[in-house]
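Undergrad: Build me a model from this:
(one chain, ligands or ions: 1)
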Amino acid sequence: MSLLLGKPAAQQLREKQFQRVNNLRAKDLIPRLDIILLCQSLDESPYVLAKKKACEDISIECVIHQFPVHTSQSDLLHYIHALNHDPACGALICQLPLGAHIDTEEVVRAIDKTKDIDGFHPENMGGLALGHSDVFVPCTPAGILYLLRYYNIPLLGKHIVILGRSRIVGLPLHLLLSQKTVGATVTLCHSQTPHLADFCRRADILIAATGKAHLVKADWISPDTILVDVGITQVPDPNARRGYSLQGDIDPEAGEKARAVTPVPGGVGPLTVAMVIENCLKAWEKRLD
Ligand code: NAD
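TA: Numbering: from 1, shown residues only. This next block holds a predicted model:
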């Protein structure tokens, strides 16, 4: 079994991104990422802190607009509209998930599609489905494709099985990997799929994005299978410094048996963050057109 580490791939991207930031600055564009976050404390959101750090590492300004968890839908839409119209804001994320009192669909639709670097706006998602190249591809799917290509894993004609159909990972990943430029045959499984193990056994590449710790067992895969573990579940662990450890969707025995596997943490995660930066730069570079 070999480990598909995310950091070297992310580092390769970062070097090119740093150059792109300099190019923008040379043309008097100051790239900036705006993140709207509803939370009590920033410490609750390690993902946002990771995005901020990634920005700072390559001199992209990151502005976090932090509001209380109980912020109303209309106030949230008001903040989004203000940033949509602010020329200093070129890339905008409203960090999900939002509370149950918020209509997430409406929030996603409200973000200017040219600033929607998460790629969740219906026009970006629809463009991805139609194979348009000028849309923002959601960051985790884009990161997974980058990782597979970085490790020269053949995709053309391969059978890729995805577990999970969320708008953030599974659904856009299905759209991305089904494109002609990738050439894979993709099966999308979910919580209502019967006989999940049978689908997994037919995969050349199995991508698990369910958030169900250690769901994929060793007898679900063959020794030739490539495993991509997207899942991150916090499991109480008295021996861990923070009192919990992070577990992926793939049982360690399955990882041992496979040809290759992405670790959790340190596999897909660094690429997701790298793709946030990639999409942010893409949004700013469109201003040069
Ligand atoms: P989600 O809860 O929105 O979706 C989970 C999906 O898994 C659903 O489509 C559901 O049908 C499917 N599912 C649940 N149980 C299943 C089962 N037993 N068998 C088959 N399918 C099942 O979650 P999400 O936002 O897509 O995230 C999934 C996981 O990926 C989470 O652990 C999340 O933390 C992680 N994640 C990691 C990254 C990263 O960068 N590494 C990025 C995004 C999400």
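Undergrad: and the stretch 1-150 of the chain, which of its residues are near the ligand?
TA: Counting by CB under 6 Å from any ligand atom, the positions of the stretch 1-150 of the chain adjacent to the ligand are residue 140. Just so you know, the C-beta spots here come from the backbone N, C-alpha and C atoms, and that holds for glycine as well.
Undergrad: Helices of the stretch 1-150 of the chain, start to end?
TA: 6-26, 46-57, 73-84, 104-110, 122-129, 139-150 (DSSP state H, counting those that start in this stretch).
Undergrad: right, so these: which one is the most enclosed?
TA: Comparing the helices of the stretch 1-150 of the chain by mean neighbour count (mean count of other CB atoms under 10 Å), helix 139-150 ranks first with a mean of 23.
Undergrad: Which secondary structure elements does that one sit against?
TA: Applying 3 or more CB pairs under 8 Å, 6 or more residues apart in numbering; DSSP states H and E, one finds that helix 139-150 contacts helix 6-26, helix 170-177, strand 226-229, helix 268-285.
Undergrad: for that helix, what is the average pLDDT?
TA: The pLDDT scores in helix 139-150 average 98.
Undergrad: Could you check the helix or strand just after it and say which residues are buried?
TA: Counting by DSSP states H and E, the next helix or strand C-terminal to helix 139-150 is strand 159-163. Going by neighbour count (16 or more other CB atoms under 10 Å), the buried part of strand 159-163 is 160-163.
Undergrad: so can I have JSON lines of the helices and strands packed on helix 139-150 showing mean pLDDT?
TA: Listed next are the helices and strands packed on helix 139-150 as JSON lines, based on pLDDT from 0 to 100:
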{"stretch": "helix 6-26", "mean pLDDT": "97"}
{"stretch": "helix 170-177", "mean pLDDT": "98"}
{"stretch": "strand 226-229", "mean pLDDT": "98"}
{"stretch": "helix 268-285", "mean pLDDT": "98"}
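Undergrad: Count the residues that sit near residue 218.
TA: If you count neighbours by other CB atoms under 10 Å, residue 218 ends up with 15.
Undergrad: and the stretch 151-289 of the chain, which residues reach the ligand?
TA: Going by CB under 6 Å from any ligand atom, the residues of the stretch 151-289 of the chain near the ligand are 163-166, 168-170, 189-191, 193, 196, 209-212, 215, 230-233, 268-269, 272.
Undergrad: List only buried entries from the residues you listed.
TA: 163-166, 168-170, 189, 196, 209-210, 212, 215, 230-233, 268-269, 272.
Undergrad: quick check, nearest of the buried residues of strand 159-163 to residue 138?
TA: Of all the buried residues of strand 159-163, residue 138 sits closest to residue 162, with 13.2 Å by CB to CB.
Undergrad: hmm, back to that, looking at the helices and strands packed on helix 139-150, which is nearest to residue 219?
TA: With CB to CB as the criterion, residue 219 lies closest to strand 226-229 of the helices and strands packed on helix 139-150, at 13.8 Å.
Undergrad: Name the residues of the closest one that are buried.
TA: Neighbour-count burial for strand 226-229 flags 226-229 (criterion: 16+ other CB under 10 Å).
Undergrad: Check which helices and strands that strand sits against.
TA: Taking 3+ CB pairs under 8 Å, 6+ apart as the contact cut, strand 226-229 packs with helix 139-150, strand 205-208, helix 252-257, strand 260-261.
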